[in-house]
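>>> from the sequence below, what's the structure:
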Amino acid sequence: MRFFIGLVAWCILFVLSWPLAVAVLVLYPVIWLICLPLRLIGITVRAVFALLKAILFLPARLLGVRPKG
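Presented below is the predicted three-dimensional model:
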């Protein structure tokens with residue numbers, strides 16, 4: 001569904017301004033490649049925080065304390 005919405009948006013942009021639509025088509029893979037390392041950094045940071053949370057709450061879990069909610 002997301003692909004279809006993007007395709008319709010690109011077609012509307014192509015009708016309104018074809019040079020801009022072609023530029024978007026050409027630059028999209030370059031922008032995706034630039035954003036890829038930032039996504040990997042985000043995944044790594046989230047994993048580190050999850051590990052720290054698990055380590056900090058381990059004594060409470062061993063004692064049988066359950067979180068509320």
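>>> what sits against residue 30?
Shown in contact with residue 30 (Cβ atoms under 8 Å, 6 or more residues apart in numbering): no residues. From N, CA and C alone the C-beta is placed, and that goes for glycine too.
>>> so what pLDDT did it get?
Model confidence at residue 30, expressed as pLDDT, equals 94.
>>> how close does it sit to residue 36?
With distances taken as Cβ to Cβ, to the nearest Å, residue 30 is found 11 Å from residue 36.
>>> how far does the host helix or strand of residue 47 sit from the chain's center?
Here residue 47 is covered by helix 18-63, with elements defined by DSSP states H and E. If you compare the mean C-alpha spot of helix 18-63 with that of the full chain, they lie 6 Å apart, counting by Cα atoms, centre = their mean, to the nearest Å.
>>> check contacts around the residue located most distally from the centre of the chain.
Among residues of the chain, the one most distant from the C-alpha centroid is residue 63; the distance is 36.4 Å, by Cα atoms, centre = their mean. Taking Cβ under 8 Å, 6+ apart as the criterion, residue 63 is in contact with no other residue.
>>> distance of residue 21 from residue 59?
58 Å.
>>> more crowded one of those two?
With other Cβ atoms under 10 Å as the criterion, residue 21 and residue 59 differ in neighbour count, and residue 21 comes out ahead with 17 against 9.
>>> quick check: the more buried one touching residue 6?
No. Counting by Cβ atoms under 8 Å, residue 21 sits too far from residue 6 to count as a contact (12.0 Å).
>>> just the pLDDT at residue 68, thanks.
Looking at residue 68, the pLDDT reads 73.
>>> what do you get for residue 62?
On the pLDDT scale, residue 62 is placed at 88.
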